[in-house]
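In: Okay, structure incoming, though there's no sequence with it:
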Ligand SMILES: O=C(O)CCC(=O)C(=O)O
Ligand SMILES: [Fe+2]
């Protein structure tokens, strides 16, 4: 008897409406700086002013020209959800309930998307629940405003400098103003950037670095950036990261003798002529080097050893906020 196709979960994207996030985001960032600074970021929740973070820690720029506002987990752990900061009701009535509803709906859509990814990997639909990735989900919603000012022609200033997201998937709602770009071949130089078209009512879904580790590069994390276009731009990024205690290790269905997890990404030049790239053990990307000494060292490094999600995220966040002494 022919095998029945798996029953695919349906993701109803009529709710949440991604464009609704842009309206609330615009309202928040329109407040006077003084009011926003009263909500200055503490324990990763609240307001971050312009230039306070850099998504490409290797750039020695003064930070990314964007302001952001973080909303952390709402559910399960009341101590954690109490850490969130909200604009006072008399300043922005209904803002908090609107954002809470949006957060819960995107979380629902994100979980269903993970079911699809699990099925695509020949895993049980609930794989990510079973490995504890969604125990007390810990996603963060980052609201963003890019003033969009163009720099001088000789300097490359990005609203969000080139990076890949850290977790499993990101559901990104944008307002239709261009600026978001992706690079398909992230280890090739020079980098080729392509505009991401805006699709009304749709999310852009980015694969994150931990999903790349889990799938041994079968699902590549997306290198992306936001360039200024001379227009204000608003977006809302929902980062679905694995629970801090979840151990992320290469899936059996994604490795084979010819593609073991420890070598999948580490061949650097050499006779094989394969892609030139490498990661160090902490997974910050290392540029490819051609010296024989470097080759020998890099080939010995285990590329994707199992890691605890919380440790990995902590390290990446430390690099992102190195510019901001208020961590
Ligand atoms: O604003 C955007 O479109 C992208 C934001 C982003 O990549 C991020 O916050 O990680
Ligand atoms: Fe991103």
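Out: All right, it came through fine. Note that the structure is predicted; figures quoted are calculated from it, not measured. Ligands and ions are numbered 1, 2, ... in the order given.
In: which residue does the stretch 51-200 of the chain bring closest to ligand 1?
Out: residue 180 (4.2 Å; CB to the nearest ligand atom). Just so you know, the C-beta spots here come from the backbone N, C-alpha and C atoms, and that holds for glycine as well.
In: what bridges to that residue?
Out: Note on residue 180: beta-bridge partners by DSSP bridges are residue 226.
In: Would you confirm that it contacts residue 204?
Out: Yes - counting by CB atoms under 8 Å, residue 180 does reach residue 204; the two are 7.0 Å apart.
In: residues shared between the contacts of the two?
Out: 172, 174, 196 (CB atoms under 8 Å, 6 or more residues apart in numbering).
In: Neighbour-wise, give me the winner out of those residues.
Out: Counting neighbours by other CB atoms under 10 Å, residue 174 leads the shared contacts of residue 180 and residue 204 with 25 neighbours.
In: just the shared contacts of residue 180 and residue 204 now: which is nearest residue 113?
Out: Residue 113 lies nearest to residue 172 out of the shared contacts of residue 180 and residue 204, by CB to CB, at 12.4 Å.
In: Can you show me the strands along this structure?
Out: 46-48, 67-71, 140-146, 160-163, 169-174, 180-183, 194-195, 204-207, 223-226, 233-240, 247-248, 278-279, 285-286, 307-308 (DSSP state E).
In: so what pLDDT did residue 158 get?
Out: For residue 158, the model assigns a pLDDT of 85.
In: Count residues in the vicinity of the closest residue to ligand 1 within the stretch 151-300 of the chain, would you?
Out: Proximity of the stretch 151-300 of the chain to ligand 1 (CB to the nearest ligand atom) peaks at residue 235, 3.5 Å away. When neighbours are counted by other CB under 10 Å, residue 235 registers 26.
In: residues in contact with it?
Out: 21-22, 25, 143-144, 172-175, 180, 226.
In: From residue 74, how far off is residue 145?
Out: 22 Å (CB to CB, to the nearest Å).
In: Tell me which of these two has more neighbours.
Out: Neighbour tally, residue 145 and residue 74, criterion other CB under 10 Å: the higher count belongs to residue 145, 21 against 18.
In: Pretty sure that one sits against residue 22.
Out: No - in this structure, residue 145 is not within contact of residue 22 by CB under 8 Å, at 10.2 Å.
In: Tell me the confidence at residue 23?
Out: 87.
In: and what of residue 18?
Out: 71.
In: Around ligand 1, pick out the residues from the stretch 51-200 of the chain.
Out: Neighbours of ligand 1 within the stretch 51-200 of the chain, by CB under 6 Å from any ligand atom: 142, 144, 160, 165, 172, 174, 180.
In: that older thread, tally of neighbours for the residue of the stretch 51-200 of the chain closest to ligand 1?
Out: Residue 180 has 22 nearby residues by other CB under 10 Å.
In: ok, now which ones touch it?
Out: Per CB under 8 Å, 6+ apart, neighbours of residue 180: 172, 174, 195-196, 204, 224-226, 235.
In: what about the helices in the chain?
Out: Secondary structure of the chain (DSSP state H): helices at 18-29, 33-37, 78-81, 95-120, 127-130, 209-214, 292-300, 309-320.
In: next one: the first one to chain centre, how far?
Out: Between the centre of helix 18-29 and the centre of its host chain there is 19 Å, according to CA atoms, centre = their mean, to the nearest Å.
In: how about that helix: buried residues?
Out: 18-22, 24-25, 27-29 (16 or more other CB atoms under 10 Å).
In: Compute the inter-axis angle for that helix and helix 95-120.
Out: When axes from the mean of the first three to the mean of the last three CA atoms, to 10 degrees is applied, the directions of helix 18-29 and helix 95-120 differ by 140 degrees.
In: packing partners for helix 18-29?
Out: Helices and strands touching helix 18-29, by 3 or more CB pairs under 8 Å, 6 or more residues apart in numbering; DSSP states H and E, are strand 67-71, helix 95-120, strand 140-146, strand 169-174, strand 233-240.
In: cutoff 7 Å now
Out: The elements that helix 18-29 packs onto, with contact taken as 3 or more CB pairs under 7 Å, 6 or more residues apart in numbering; DSSP states H and E, are helix 95-120, strand 140-146, strand 169-174, strand 233-240.
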